[in-house]
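Trainee: Below are the sequence and a predicted model for it; my questions follow.
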Amino acid sequence: MQPFVMINDVAALALARNNITLRDLQMLAATTDAKEADEALILSMRATTSLSNVTRRLQAQSLEVQTLSNQLATFRHQANTLRRKNKEMKTKVRTLKQQGVEVET
């Protein structure tokens with residue numbers, strides 16, 4: 001998945017203005033310079049976008065870790081099953097040898 005990046009300040013500003021929060025309004029009310037307010041909104045939107053990208057990457061990595069963990073559990077179960085069968089086969093071979101039966105190993 002390709003992360004979403006705010007390349008254009010105009011696009012970031014438009015998006016920020018459409019998603020303005022109460023906290024943003026409080027911060028902007030203290031600012032009298034329109035350019036400074038626009039820059040603050042742009043930085044806020046870029047920070048939000050970056051945080052969203054990090055969240056998506058972490059979710060994807062968590063899913064990958066869960067998948068690998070499930071695979072590991074399956075492999076461990078298979079390994080334990082094979083060890084048990086190997087032990088059973090060794091016991092059968094030993095029993096057959098004790099009975100005088102020739103066994104190829």
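Mentor: Okay, I see it.
Trainee: make it CA atoms for all contacts and neighbour counts henceforth
Mentor: Noted.
Trainee: Low-confidence ranges, this protein, go.
Mentor: Counting by pLDDT under 70, the chain shows low-confidence ranges at 1-32.
Trainee: Just the helices from this structure, written as ranges.
Mentor: When assigned using DSSP state H, the helices of the chain occupy the ranges 9-18, 22-29, 34-98.
Trainee: The longest one packs against which elements?
Mentor: What it means is helix 34-98. Where contact means 3 or more Cα pairs under 8 Å, 6 or more residues apart in numbering; DSSP states H and E, helix 34-98 is packed against helix 9-18.
Trainee: can you tell me which of the helices of the chain comes nearest to Thr105?
Mentor: Closest approach to Thr105 among the helices of the chain (Cα to Cα): helix 34-98, 8.5 Å.
Trainee: sorry, back to before: show me the one of the helices of the chain that comes nearest Glu104.
Mentor: Across the helices of the chain, closest to Glu104 is helix 34-98 (Cα to Cα), at 9.1 Å.
Trainee: picking up where we left off before, looking at the helices of the chain, which is buried most?
Mentor: For these, average neighbour numbers computed from mean count of other Cα atoms under 10 Å are highest in helix 9-18, which has a mean of 16.
Trainee: Could you export stretch 56-67 as CSV, CA atoms only?
Mentor: Extracted C-alpha coordinates of stretch 56-67, given in CSV (Å, rounded to 0.1, in the frame of the first residue of the first chain):
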residue,chain,number,x,y,z
ARG,A,56,-1.7,2.1,8.4
ARG,A,57,1.9,0.7,8.3
LEU,A,58,1.6,-0.5,11.9
GLN,A,59,-1.7,-2.2,11.2
ALA,A,60,-0.2,-3.9,8.2
GLN,A,61,2.9,-5.0,10.2
SER,A,62,0.6,-6.2,13.0
LEU,A,63,-1.3,-8.3,10.6
GLU,A,64,2.0,-9.7,9.2
VAL,A,65,3.2,-10.6,12.7
GLN,A,66,-0.1,-12.3,13.4
THR,A,67,0.1,-14.3,10.2
